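> Everything below, folded, please.
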Amino acid sequence: MSIDRLKSTIGKKGGLAKANRFNVMFTPPNGSLFNFDLQGAISSAIAGNFNAKNLINDPRDISLLCDSVVLPGKQISTFDHQTVRQSKKIPYGTIHDDVALSFLLTNDYYMKTIFDKWINSIVDNDKYCVAYKEDIVTDVIIQQLDEQDVPIYGVKLEGAFPVTMSEVALSNESTSQIQKLNVSFAYDKYVPQGALSSTGSAIRSALSIFG
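I've put the predicted structure just below:
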């Protein structure tokens, strides 16, 4: 192994993937094209930062506000089978880890409001009713991008929904700290996708906000 051969191999395969080049796309099941948050609009108007563009939900906003995400792993479930001379592991299924995402919080608490509504639709705190699963899930698309923002690899999380939303800490000592919201998703199935199929999934996810 020489440095020249390593550089040649990396160059032949398009360079090294960068951890900060990624895209996340999903539309919450209760999401719609128009944002009729009257209370938020009034608050923004009082604060002097009302923007008419906020009345339209742009699916790209979620992608831009996603600060970090992980491509999920997969674990093979096994049991030990004892033979005459040794024990062997026999596979029988898979285990999917929850996926953690972190979002930047803006002054209108856009992402916090989205997940407040989503989680409350799963388990209604007023009526103490649990929704049907098919009504509260969506597909989450996670993409690795190259330097030109072109997807080179993607994962589609089918039947995904939030299971954990972190607390948001407030403190007089944090004078310049940016607020973030951490959310964990569970999902039914994780499907690896190539560049073309992942792009198609992202487009369908963005268009789903139009109904």
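
> shaky segments in the chain?
Per-residue confidence of the chain (counting by pLDDT under 70) places the weak regions at 31-56, 210-211.

> mind checking the longest strand of it?
Identified as the longest strand of the chain according to DSSP state E is strand 151-165.

> Just the buried positions in that one, please.
Within strand 151-165, the residues that qualify as buried are P151, Y153, G154, V155, K156, L157, A160, F161, P162, M165, counting by 16 or more other CB atoms under 10 Å. The C-beta positions use only the backbone N, C-alpha and C, and glycine is treated the same way.

> ok, now stretch 95-111?
Applying a neighbour-count criterion of 16+ other CB under 10 Å, the buried positions in stretch 95-111 are V99, L101, S102, F103, L105, D108, Y110, M111.

> cool, stretch 135-146 as well?
For stretch 135-146, burial by neighbour count (16+ other CB under 10 Å) applies to I136, V137, T138, D139, V140, I141, I142, Q143, Q144, L145.

> about what we covered before: which of the buried residues of stretch 95-111 sit farthest apart?
Using CB to CB, these reach their maximum pairwise distance at V99 and D108, which is 25.4 Å.

> Can you list the strands that the host helix or strand of T94 pairs with?
With the criterion set as DSSP states H and E, the secondary-structure element containing T94 is strand 87-96. Here strand 87-96 is paired, per DSSP bridges, with strand 74-82 (antiparallel).

> follow-up on the earlier one: nearest to G73, of the buried residues of strand 151-165?
Distance ranking of these against G73, using CB to CB, places V155 first at 10.5 Å.

> now that closest one, nearest residue through space, not along the chain?
For V155, the nearest residue in space outside its immediate sequence neighbours is I142; the separation is 4.8 Å by CB to CB, 6 or more residues apart in numbering.

> ok, and what's touching the strand holding T94?
For strand 87-96, the external contacting residues (CB atoms under 8 Å, 6 or more residues apart in numbering) are P72, K74, Q75, I76, S77, T78, F79, D80, H81, Y187, K189, Y190.
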